[in-house]
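Q: Got a sequence here, can you build the structure:
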Amino acid sequence: MLGYLLINVIGILVFIGVAYLISKNKQQIQWKSISIMLALNLFLAWFLISFPIGRAMVSGAAYGFNWLVQTAYSGIGFAFGSWVHVKQMDFFVSALLPILLVVPLFDILTYFNVLPWIIRKLGWILSKITGQPKFESFFSVEMMFLGNTEALAVSSLQIKKNSALRNLTLAMMSMSCISAAIVGAYTQLVPGRFVLSAIPLNIINAIIIANILNPVKIKPEEDTIVEVQKEEKEPFFSFLGDSILAAGKLILIIAASVISFVALAALIDQLLMLIAPWLTLESILGVIMFPFSFLLGLPADQAFQMAQYMGTKLVTNEFVVMGEIASKVHSFAPHFQAVLCTFLISFANFSTLGMVIGAFKNLSDKETVNLISKNAGYLIVSGILVSLLSAGLVGLFVW
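A: Numbers count the residues shown, from 1 in each chain. Next up is the predicted model:
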């Protein structure tokens, strides 16, 4: 075990080193701030995974999301009684349909200004601790609750004011978020404690990696947050109706994405096996990603399996892999389970790249869009490194 722990530690340093090697401006990297954030994340990983109070907090949060999902089954059961509380619930029912409750709930919290208040306070605290600019800290917390495209849309006024280079940093950070609205879906498929631990780690790691890859010096007078003009709220039930419809669209988008990606992967496998019976998309991805998974402190056989899951997630999305491992994840070795589940908790994949670029096309000028499009590779690398760094930090405390 000691040898694998050492490899895990080396892996964390290698992931940061890779970001440094391809940094766009090595001289401007603020190593003091990076060191503070890395130390904070190391403490968070220990606190949430190994410390009793931290474990209790994570377990409580996971229980809360599972309780929400079980409550959602009441509504699902009313409409489709034969779909719930059966021995084997389908992925669509167990993981996706509860979104019809969770999304409106978070939208209600936004409507009554509860969620924006929490985001502002957490962003302010993060900025003070890490020394990072106010808006980047605010944005990283915003992504955790709202998701990437929603956080970008809410920040449209700031994005229009920012320089193209600063917006590139936001684009890199956007590859590593999730949306709190689908945390309940995650906890139905993989252990909730790793889901809830990965979320805060990803927030800070997104800032770390983006600020190494694309360090931007911000003058004190530029370190401001554009105030959004308050508009008159639409009637509550009109707002709630729109939220429920949006939740339904989100479910259909995720379901369509999973079905299409799984089918396309199967088609590619069939074509590859015409060349050689052993040749599959997963085996190719496993070879490509193996060095990175090995650096997470895994034995060779587990590292190759991890690499296949990593590659599949990047090419498709996290739900495809979660659906594949849901029935067997609890049988995995503890360290393998920890690093795999943590790695999966982000939107870092090629389809997210298109979503982020598309969002900036609607929100910013041509200079920003062109810069982000030219650096699409950096966005993908940013998402991968954040996921690897979070997995590596959690892995240090689970054996």
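
Q: how near is the residue lying closest to L97 once chain neighbours are set aside to L96?
A: Once flanking residues are discounted, L97 sits nearest to I76: 5.0 Å by C-beta to C-beta, 6 or more residues apart in numbering. In this view, the C-beta of every residue, glycine as well, is placed from N, C-alpha and C. Using C-beta to C-beta, to the nearest Å, I76 is found at 10 Å from L96.

Q: Show me where the stretch 1-150 of the chain has its helices.
A: Remark: helices assigned in the stretch 1-150 of the chain by DSSP state H, counting those that start in this stretch are 2-21, 31-49, 52-79, 91, 99-111, 114-130, 134-146, 148-154.

Q: With respect to F336, which of the ones you listed lies nearest?
A: Judged by C-beta to C-beta, the one of the helices of the stretch 1-150 of the chain that comes nearest to F336 is helix 2-21, at 10.7 Å.

Q: quick check: mean pLDDT across that closest one?
A: Here helix 2-21 scores 93 as its mean pLDDT.

Q: can you list the residues that contact that helix?
A: Residues outside helix 2-21 that contact it (C-beta atoms under 8 Å, 6 or more residues apart in numbering): 26, 29, 38, 208-209, 212-213, 292, 294-299, 335, 381, 385, 388-389, 392-393, 395-396, 399.

Q: Write a PyMOL command that selects only the buried members of those.
A: For the buried members of these, the matching PyMOL selection, counting by 16 or more other C-beta atoms under 10 Å, is:
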select buried, resi 29+38+208+209+212+213+292+294+295+296+297+298+335+381+385+388+389+392+393+395+396
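
Q: now, which of the contacts of helix 2-21 lie within helices?
A: Members of the contacts of helix 2-21 lying in helices (criterion: DSSP state H): 38, 208-209, 212-213, 292, 294, 335, 381, 385, 388-389, 392-393, 395.

Q: picking that back up, nearest to L340, of the helices of the stretch 1-150 of the chain?
A: Set against L340 and scored by C-beta to C-beta, those come closest in helix 2-21, at 13.7 Å.

Q: In that closest one, which residues are buried?
A: Buried, per 16+ other C-beta under 10 Å, within helix 2-21: 4, 7-8, 11-12, 14-16, 18-19.

Q: what is the orientation angle of that helix with helix 31-49?
A: Inter-element angle recorded for helix 2-21 and helix 31-49: 140 degrees (by axes from the mean of the first three to the mean of the last three C-alpha atoms, to 10 degrees).

Q: Please name every helix or strand in contact with the top helix by length along the chain.
A: In the chain, assigned by DSSP H, the helix with the most residues is helix 236-275. In terms of contacts (3 or more C-beta pairs under 8 Å, 6 or more residues apart in numbering; DSSP states H and E), helix 236-275 is packed against helix 99-111, helix 281-294, helix 300-315, helix 318-325.

Q: for the most centrally placed residue in the chain, what are its contacts?
A: With distances taken as C-alpha atoms, centre = their mean, S346 lies nearest the centre of the chain, 2.0 Å away. For S346, the contact set (C-beta under 8 Å, 6+ apart) comprises 175-178, 198, 202, 318, 383, 386-387, 390.

Q: Torsion angles phi and psi at V190?
A: Phi and psi for V190, reported as degrees, to the nearest 10, are phi -130, psi 160.

Q: burial of the nearest residue to it once chain neighbours are set aside, as a residue count?
A: Using C-beta to C-beta, 6+ apart and skipping the chain neighbours, the partner closest in space to V190 is C341 (4.6 Å). Other residues lying near C341 total 28 when counted by other C-beta atoms under 10 Å.

Q: C341: what secondary structure?
A: Put simply, C341 is helix when judged by DSSP: H, G, I helix; E, B strand; the rest coil.

Q: And it, how close does it get to L13?
A: Look at C341 and L13: by C-beta to C-beta, they are 23 Å apart.

Q: same thing with P299?
A: Counting by C-beta to C-beta, the gap from P299 to L13 is 21 Å.

Q: same thing with I325?
A: I325 is 28 Å from L13, where distance means C-beta to C-beta.

Q: nearest to I254, of the contacts of S346?
A: E318 (10.3 Å).

Q: who's in contact with that closest one?
A: E318 touches 186, 344-347, 349, counting by C-beta under 8 Å, 6+ apart.

Q: Those residues: which two are farthest apart?
A: Largest separation among those by C-beta to C-beta: Y186 and N349, giving 14.9 Å.

Q: What is the least confident helix or strand in this structure?
A: Counting by mean pLDDT, DSSP states H and E, the chain has its least confident helix or strand at helix 91, which shows a mean of 63.

Q: could you give the mean pLDDT of stretch 202-218?
A: On average, stretch 202-218 scores 89.

Q: Report the buried residues of stretch 30-38.
A: Buried residues in stretch 30-38, counting neighbours by 16+ other C-beta under 10 Å, are found at 30, 33-34, 36-38.

Q: whoops, stretch 60-75 was the one
A: For stretch 60-75, by 16+ other C-beta under 10 Å, it's 61-62, 65, 68-69, 72-73.

Q: What is the nearest of those to S127?
A: Within the buried residues of stretch 60-75, the smallest distance to S127 is 23.4 Å, found for A61 (C-beta to C-beta).

Q: out of everything not next to it in sequence, what's closest to the closest one?
A: Nearest in space to A61, with sequence neighbours left out and distances taken as C-beta to C-beta, 6+ apart, is L196 at 4.8 Å.

Q: got the contact list for the one you found?
A: 48, 58, 61-62, 65, 183, 187.

Q: give me the element it is part of.
A: Counting by DSSP states H and E, the element that carries L196 is helix 192-213.

Q: Sketch out the low-pLDDT regions of this structure for me.
A: Applying pLDDT under 70 to the chain flags the ranges 85-91, 94-95, 221-232.

Q: what about stretch 302-310, distance to the chain center?
A: Distance, stretch centre to chain centre, for stretch 302-310: 19 Å (C-alpha atoms, centre = their mean, to the nearest Å).

Q: Brilliant, that's me finished.
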